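Asks: with the sequence up front, the predicted model follows.
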Amino acid sequence: MSYIALYRKWRPMVFEDVVEQGHIVKSLKYSVCNDHIAHAYLFCGTRGTGKTTMAHILSRAINCLNPQDGDPCNKCEICKGIISGSILDVIEIDAASNNSVDNVREIRDEVIYSPSQAKYKVYIIDEVHMLSTGAFNALLKTLEEPPAHVVFILATTEPHKLPATILSRCQRYDFRRITSGSIAKHLDKIALANNIKVEKTALDLIARLSDGALRDALSILDQCISTGNITITYQDVLSITGMVNETFIASFAGALNKKSIYDCLIKVNTLIMEGKDISQFVLELITYYRNLLICNIVDDVSQIIETSEETIDIMKSQAQLLKRDYIINIIHELSTLEASLKWASQPRIMLEVALIKICNINSGSHSRSDLNLGLNSRSGSATDLGTDSKLSSTPDSELDSKRQEISDITKLSDSTTDNAVNNAEGNQFMDSYKKLDETWKDVLHELSDYGKRPLCICLNKARIVPLNKNSIGIVFPEQGRVNKEIASQTENHQLIEKAVRTVMGKDIRVRCMVENDADSPFTHELNNEFNNGQESHHEDDFTNKIIGFADKHNIPIKIIDE
């Protein structure tokens, strides 16, 4: 006899065997016992919660010759015929592949005929939301006034896609997600019946991975059993599913929270060498930071976070050291990364760039963070000045000397700012410039909240500059003229100004422009109102100092005006 998958072999045969759907079982059994059979049922819920299984049980129960307290006996001629498929009065249709008007017309033409052997002719239409508009219209009249011997059972994961006219003609039952505890208990029962021992931690992990779908959990267990091991361990489940263990996730988050780029990149390399899926890892990391956020907000998280007590203790200790806004920013960045990984040809590079970006959150201006990046520790991590191999291989005394020179350059930048703010009007304008630089991400997040993610993508590579006290410029790179045109459209331009006004708390005019455009007002206005002579002199000193340092130590450098 050929092998039967666990989710098929252990499919419930009576109502009581359906896991955690007691509210539906009670109602359906009452209907069967009292012969209150509706002409149409709608079973809704996420995958693997028992919708199709319940439909099969109901089809047998209403036709059974010897029902047992509302359950089918599964022994009479009718029940056996329905189970084996020899009785044609129970018809199961997959609406995903039979969604045309012609398919529904066939049903409409057949319902007028009485059942051949059973009491009711039952049509089970799975994934009914996949029917076309024309098919729904063809089905509507039949659902409204069906023959007395016909029962429709519609199953769907997306009831919101069904027309209201269909919904109003059905008895609706919503299937709940199955809790991890119930899934683990059911899996243990099945494993013991197959003479397999599964560690409790492994059962809990499978239950969490299934996300409330018992069928998914049974598929994972089936895959674990196929390895041939008599005992299934936590590590076995990790290996089969490509998951990363919680200890690694916690240590990775610890390195990210400390903004240790070197440690993060080393751990990414470990992931790649072990063959882990980057998209799956990012999803796990998002979930972990979601749990950190919950730990930061709620005292008792046992009913919200499904994991071991040891892991919860680690999460709480990490969450105490983080600000709530910082955790939210990380979740935003990782979510953006997860969405883009679906189309990425180089997922590792995108992950590494995102991690570096997260490590630089709230790190100040670009130039200063670029100079300090990688010089705060002896790890020798890569810097934006291209000093990776050179600085990491220098003796201690020479390295200290180079750090001192970097410090001198930074002090020069500080003195430049101090001199510039002596003028009251210049001080106010510089504060406005810094505020713009710090809140640009907030503007993009605000636009994202408006549901304008494509516009955010267009603005992603643009930079924002002050033009005067009441206006700013959005400067696109030369190759981004198309994005500039999109942002300049009336509707998009108004949304950008609205987002800027919301973030900055005052009315600010926005002007879109392209860098290196000779006719752009950005060059003239910015030079007149921001670089008033003295400031330009100090900025040149600062730039020349950096160039001199790079030339002295033969370091390649590219100056980008940001």
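Replies: Good, I have the coordinates. Numbers count the residues shown, from 1 in each chain.
Asks: can we go C-alpha only for contacts and neighbour counts from here?
Replies: Will do.
Asks: got the CA coordinates for stretch 155-167 in PDB?
Replies: Extracted C-alpha coordinates of stretch 155-167, given in PDB (Å, rounded to 0.1, in the frame of the first residue of the first chain):
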ATOM      1  CA  ALA A 155     -15.000  27.300   1.900                       C
ATOM      2  CA  THR A 156     -12.600  30.300   1.600                       C
ATOM      3  CA  THR A 157      -9.600  31.900   3.200                       C
ATOM      4  CA  GLU A 158     -10.700  35.400   2.000                       C
ATOM      5  CA  PRO A 159     -14.400  36.000   2.700                       C
ATOM      6  CA  HIS A 160     -14.000  39.700   2.100                       C
ATOM      7  CA  LYS A 161     -13.700  39.000  -1.600                       C
ATOM      8  CA  LEU A 162     -17.100  37.400  -1.800                       C
ATOM      9  CA  PRO A 163     -20.100  39.600  -3.000                       C
ATOM     10  CA  ALA A 164     -22.500  40.700  -0.300                       C
ATOM     11  CA  THR A 165     -25.300  39.000  -2.200                       C
ATOM     12  CA  ILE A 166     -23.500  35.600  -1.700                       C
ATOM     13  CA  LEU A 167     -22.700  36.300   1.900                       C
END
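Asks: mind listing what's buried in it?
Replies: When burial is assessed from 16 or more other C-alpha atoms under 10 Å, stretch 155-167 yields the following buried residues: 155, 156, 157, 159, 162, 166.
Asks: check which helix or strand the residue most central in space within the chain maps to.
Replies: Geometric centre of the chain, nearest residue: residue 335, 5.4 Å, by C-alpha atoms, centre = their mean. Taking DSSP states H and E as the definition, residue 335 sits inside helix 324-341.
Asks: contacting residues around that helix?
Replies: 279, 282-283, 285-286, 289-290, 292-293, 296, 347, 350-351, 354, 358 (C-alpha atoms under 8 Å, 6 or more residues apart in numbering).
Asks: what about the strands in the chain?
Replies: Along the chain, the stretches classed as strands by DSSP state E are 40-44, 90-94, 121-126, 150-156, 171-174, 197-198, 231-232, 463-468, 471-476, 509-514.
Asks: mean pLDDT and distance to residue 240 for those strands - can I get that in CSV?
Replies: CSV is the format used below for the strands of the chain (pLDDT from 0 to 100; distance: least, C-alpha to C-alpha, whole Å):
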stretch, mean pLDDT, distance to residue 240
strand 40-44, 95, 31
strand 90-94, 92, 31
strand 121-126, 94, 30
strand 150-156, 94, 30
strand 171-174, 94, 32
strand 197-198, 92, 14
strand 231-232, 92, 11
strand 463-468, 78, 45
strand 471-476, 83, 46
strand 509-514, 84, 51
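Asks: minimum distance to residue 245: which of the ones you listed has it?
Replies: For the strands of the chain, distance to residue 245 was read as C-alpha to C-alpha. The smallest value, 15.6 Å, belongs to strand 231-232.
Asks: what segments of the stretch 451-562 of the chain are helices?
Replies: Read by DSSP state H, counting those that start in this stretch, the stretch 451-562 of the chain holds these helices, from start to end of the chain: 453-459, 481-488, 490-504, 521-529, 534-552.
Asks: and those helices, which one averages the lowest pLDDT?
Replies: Between the helices of the stretch 451-562 of the chain, the lowest average pLDDT goes to helix 521-529, which shows a mean of 45.
Asks: next one: phi and psi at residue 169?
Replies: With angles defined as degrees, to the nearest 10, residue 169 shows backbone torsions of phi -100, psi 10.
Asks: quick one: low-confidence residue ranges for the protein.
Replies: By pLDDT under 70, the weakly predicted segments of the chain are 1, 362-438, 451-452, 516-562.
Asks: re the thing from before, could I get the strands of the chain as a markdown table with distance to residue 187?
Replies: What follows is those, written out as a markdown table (distance: least, C-alpha to C-alpha, whole Å):
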| stretch | distance to residue 187 |
| --- | --- |
| strand 40-44 | 24 |
| strand 90-94 | 28 |
| strand 121-126 | 26 |
| strand 150-156 | 25 |
| strand 171-174 | 24 |
| strand 197-198 | 9 |
| strand 231-232 | 12 |
| strand 463-468 | 54 |
| strand 471-476 | 56 |
| strand 509-514 | 59 |
